[in-house]
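Asks: sharing a model that was predicted from the sequence below.
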2 protein chains.
Amino acid sequence: MMTFDERYSLYRTEIENSFSRFLPEEKDNILVDSMRYSLLAGGKRIRPILTLAWCELCGGVLKTALPAAAAVEMIHTYSLIHDDLPCMDNDTLRRGRPTNHVVYGEYVALLAGSGLYDKALETVLDFGKEYGLSDEGILQSVKILCSASGLNGILTGQVLDMKNSDRAVDRSYLEKVNDLKTASMLSASCVLGCIAAGADPKLCADADAYGRAVGQAFQIRDDILDVISTSEALGKTPGKDSDENKTTFVDLLGMEGAQKEVEALTERALSLLQNFPNPAFLRELTLRMCGRET
Amino acid sequence: MMTFDERYSLYRTEIENSFSRFLPEEKDNILVDSMRYSLLAGGKRIRPILTLAWCELCGGVLKTALPAAAAVEMIHTYSLIHDDLPCMDNDTLRRGRPTNHVVYGEYVALLAGSGLYDKALETVLDFGKEYGLSDEGILQSVKILCSASGLNGILTGQVLDMKNSDRAVDRSYLEKVNDLKTASMLSASCVLGCIAAGADPKLCADADAYGRAVGQAFQIRDDILDVISTSEALGKTPGKDSDENKTTFVDLLGMEGAQKEVEALTERALSLLQNFPNPAFLRELTLRMCGRET
């Protein structure tokens, strides 16, 4: 029986090793260099770990979920690169390193983001079969990835988030931003694991609901951290939200209210794991993601 | 028997009507507004017309090719929006109208481009079956679209094109830029029509070779037009290439040499149509795309 840390580390190693196969280095290719710069910059790898963990939770084989796991991390990285661009959040620091456009210039960063999105889909399309996904599983997976990335997901979330600056927004607006910008891809990550395991629609629906709850909790916790953290601990520029006059959950509910909201969402997420035979890893992961150290 | 113009106009109407289904207007949605602004800006619709024409050339039913046809035009529009951004070509005029970022601002234009790429894939994924594509046809189509858009297509073409400025490049470099940036998507457009018709791999290979030749010819002709045209006729800012110190085929081969190159490529493209029963429309389209008025 592996400990939580051992299993986390195993998942992480599988994911990071997969990148050298799915997005190998290429000589004299600045586009691939810049894609790899951001993809290999570390981070907690939460989304792909959710994919692998949900696959195993549903009785699937880890390997089957690897292409989709790599894909969700590529899409997450794509959204960060574009988020950091001067015309978006204009951030210069990410995961403790200069952001992509600071290193490679703006147009390469723009294309590297798009390239990672493309490569995410191609990873599932080109490697899915070899890793054990059925054609139907590949088609379903690509649909889920596109849907979470597009107008019903990240892109609309980014627009609403940008429009948040310098105007009053209410709680339902913030929940919508969090759902589209963060929870949609977290829940897609979980559902993709179920698909890789060949799980039935009921389990996929549980995974979706779990991801939505965790996504909201995770994002509210981000608002909290943005207020209390230092740059060093956060690995990115703190206090950005107030600098940009963005309304956060802390503004609307106060620090204590926001913390309570995180608790309630965490409980909801945990309750969705109850019916599975071996939920220990995901229980612990949920608690850590939502900031309850154990 | 329809004339060329009647058939062109029929195809064009089918494509433009399909956009109101595949990307309908949405109230208070600036992202959808900006996507539609560029998608509905007109243009010659050459790529989707190639898709419909190749589908019919291979004996398929036009309707089956409509989702893929709409998709190639969405992807083309996405590449134009991103190409026009300040960090890329910094263009303010496109098809006789202000470019997307001039109207909607830079971050919305960035997201609108990405949104059109996403919507292109979702159009094939979500509507393919209803329009008569098999699951295998959908999977093949999405693969072709991703491949032509990514590292083996537009994105790398855009990087190489940007690196063209202010340095000496040779003929094979320019051919590579044209192939990746333009010909890959033109050839994908043709192949997607074959896929929609359920054509065998030999015909798909002909369509691919046809698209590559036409793509080169088309792009060299664009270099020629950039030198000789006025803004009004071109619908975009002329003389951009020399302003940016970009090397063109006209620089390398002279005006006459470039023109001869276009002729040779046109002949190659036409020869690939010879074995089909009803190539008249595509023959004429080829001649017009390559600038030989008939």
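Replies: Sure, I can see it.

Asks: which pLDDT value goes with the residue nearest to residue A:279 when sequence neighbours are not counted?
Replies: Nearest residue to residue A:279 in three dimensions, chain neighbours excluded: residue A:273, at 4.0 Å (Cβ to Cβ, 6 or more residues apart in numbering or on different chains). The C-beta positions use only the backbone N, C-alpha and C, and glycine is treated the same way. Confidence at residue A:273, expressed as pLDDT, is 97.

Asks: count the neighbours of residue A:273 for me.
Replies: Neighbour count for residue A:273, taken as other Cβ atoms under 10 Å in any protein chain shown: 20.

Asks: can you tell me how far it sits from chain B?
Replies: Distance of residue A:273 to chain B, given as Cβ to the nearest Cβ, to the nearest Å: 30 Å.

Asks: do the same with residue A:187
Replies: From residue A:187 to chain B the distance is 17 Å (Cβ to the nearest Cβ).

Asks: model confidence for that residue, exactly?
Replies: 98.

Asks: next up, the contacts around the residue nearest to residue A:279.
Replies: A:57, A:210, A:279, A:282, A:283, A:286 (Cβ atoms under 8 Å, 6 or more residues apart in numbering or on different chains).

Asks: check residue A:124 too.
Replies: Residue A:124 neighbours (Cβ under 8 Å, 6+ apart): A:67, A:68, A:71, A:133, A:138, A:141, A:142, A:145.

Asks: check which helix or strand it maps to.
Replies: Residue A:124 belongs to helix A:106-127 when assigned by DSSP states H and E.

Asks: what's the first helix or strand after that helix?
Replies: helix A:135-149.

Asks: hang on, the earlier thing: how about the residue nearest to residue A:279, secondary structure?
Replies: coil (DSSP: H, G, I helix; E, B strand; the rest coil).

Asks: next, it: phi, psi?
Replies: With angles defined as degrees, to the nearest 10, residue A:273 sits at phi -90, psi -10.

Asks: now name the helix or strand holding residue A:44.
Replies: With DSSP H and E as criterion, residue A:44 is part of no helix or strand.

Asks: burial measure for it, as a count.
Replies: So residue A:44, with other Cβ under 10 Å, has 12 neighbours.

Asks: which stretches in chain A count as strands?
Replies: Taking DSSP state E as the criterion, chain A carries its strands at A:93-94, A:97-98.

Asks: for the ones you listed, which one sits closest to residue B:103?
Replies: strand A:93-94 (30.0 Å; Cβ to Cβ).

Asks: partner strands of that closest one and their direction?
Replies: Each strand paired with strand A:93-94, and its direction, by DSSP bridges: strand A:97-98 (antiparallel).

Asks: any idea which residue is closest to the centre of chain A?
Replies: With distances taken as Cα atoms, centre = their mean, residue A:47 lies nearest the centre of chain A, 4.4 Å away.

Asks: next one: that residue from chain B, what distance?
Replies: For residue A:47 relative to chain B (Cβ to the nearest Cβ), the value is 18 Å.

Asks: hang on, isn't that residue packed against residue A:190?
Replies: No. Because the distance of 9.0 Å does not satisfy Cβ atoms under 8 Å, residue A:47 is recorded as not touching residue A:190.

Asks: returning to what we had before: now the buried members of the contacts of residue A:124.
Replies: A:67, A:68, A:71, A:133, A:138, A:141, A:142, A:145 (16 or more other Cβ atoms under 10 Å in any protein chain shown).
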